[in-house]
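*Asks:* no FASTA, just this:
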């Protein structure tokens, strides 16, 4: 049985784990590490600082299926719709620029439920949170992986799905195996950066606007606002509504190195300029997304990059495709294809 480590419990990593289990069943032992305290990555659903039962999506907001992907990824959409993880969006998204045939979906339980669904389908996979990978060392036919706490474990194959700059920061032997062209392609990857706020309101709070989400055109600070529970068609009985705010990319870049506690008041001041009738929240949570969406992908969007064939060391994620749900699906399928090929060779020798 091959022991496979997947680094990153976001959408690509969770789907890789799910597909590996479905395709190879008991031929692999799947281990998933993530440095965060919860799963989801940029598709995580957050709780308020006071520990209440509210939730809000601070990262990805909804899923848009183009006609092409709606057909080629039909099995994934069908599975998620049947499970109730996805449902067609029903609220007004003000300022949304649609193309003919696009279909928008929301997650009633939050975007993090997408990741949790695929992890639950990877039956028997071992998930370890707060495991921050710092180094990779080749040890004969295996990889020795070190985490921030100083622990070391050995795996027959490693899949890296975290943002590319974090891959390039890994110590050990990884950079020794990168070709000059691979290093050049990884260096070309660029991400947008932004801040996101979640405002959690008391049960009697009422919003004066009718939309579920709105793209803001007249602000240099805020580009998007969503009434999160309204957008998700969720009814948090007795909990009160929540509001999500995303800043513009230029604002995110300008303030990237500042503490989020210093940036939060600037965003709130702009929010109340845009929505002067907004009630006062009970609590506020601020998130800094240093790596938000991929602006420049690896050339030709191959879906994955194999650094070493044996023992397998493969990179995947939206940087190798494009930065949305279907891009993560494309990457996971590409990683699966490459990993199956090398593991079958590995297991036959």
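*Replies:* Here it is on my side, so go on. For clarity, every value in this text was computed on a predicted model and none was experimentally measured. Numbers count the residues shown, from 1 in each chain.
*Asks:* Could I get the contacting residues of the residue nearest the centre of the chain?
*Replies:* The geometric centre of the chain, computed from its C-alpha atoms, lies nearest to residue 42 (CA atoms, centre = their mean), at 3.1 Å. Taking CB atoms under 8 Å, 6 or more residues apart in numbering as the contact definition, residue 42 lies against 10-11, 59-60, 289, 291-292. All C-beta spots, glycine's among them, are computed from the backbone N, C-alpha and C.
*Asks:* Sort out which residues of the longest helix seen in the chain are buried, please.
*Replies:* The helix of greatest length in the chain, counted in residues with DSSP state H as the criterion, is given as helix 325-348. When neighbours are counted by 16 or more other CB atoms under 10 Å, the buried residues of helix 325-348 are found to be 325-336, 338-340, 342-343, 346.
*Asks:* element containing the residue nearest to residue 264 when sequence neighbours are not counted?
*Replies:* Spatial nearest neighbour of residue 264, excluding adjacent residues (CB to CB, 6 or more residues apart in numbering): residue 286 at 4.5 Å. For residue 286, the element it lies in under DSSP states H and E is strand 283-289.
*Asks:* Repeat that for residue 3.
*Replies:* In this structure, residue 3 sits in strand 2-7 according to DSSP H and E.
*Asks:* tilt between that strand and helix 325-348?
*Replies:* Interaxial angle of strand 2-7 relative to helix 325-348 (axes from the mean of the first three to the mean of the last three CA atoms, to 10 degrees): 150 degrees.
*Asks:* Centre of the chain to strand 2-7, how far?
*Replies:* 19 Å (CA atoms, centre = their mean, to the nearest Å).
*Asks:* buried stuff in the next helix-or-strand element following that strand?
*Replies:* Secondary structure here is assigned by DSSP H and E; on that basis, the next helix or strand after strand 2-7 toward the C-terminus is helix 11-24. Buried residues in helix 11-24, counted by 16+ other CB under 10 Å: 11-21, 24.
*Asks:* what ranges do the strands span in the stretch 201-349 of the chain?
*Replies:* 213-215, 222-227, 242-247, 283-289, 294-296, 304-308, 313-316 (DSSP state E, counting those that start in this stretch).
*Asks:* so which of those strands comes closest to residue 94?
*Replies:* Of all those, it is strand 213-215 that lies closest to residue 94, at 3.9 Å by CB to CB.
*Asks:* Could I get the buried residues of helix 11-24 in TSV, plus columns for pLDDT?
*Replies:* As requested, the buried residues of helix 11-24 are exported to TSV (pLDDT from 0 to 100):
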residue	pLDDT
11	97
12	98
13	98
14	98
15	98
16	98
17	98
18	98
19	97
20	96
21	96
24	91
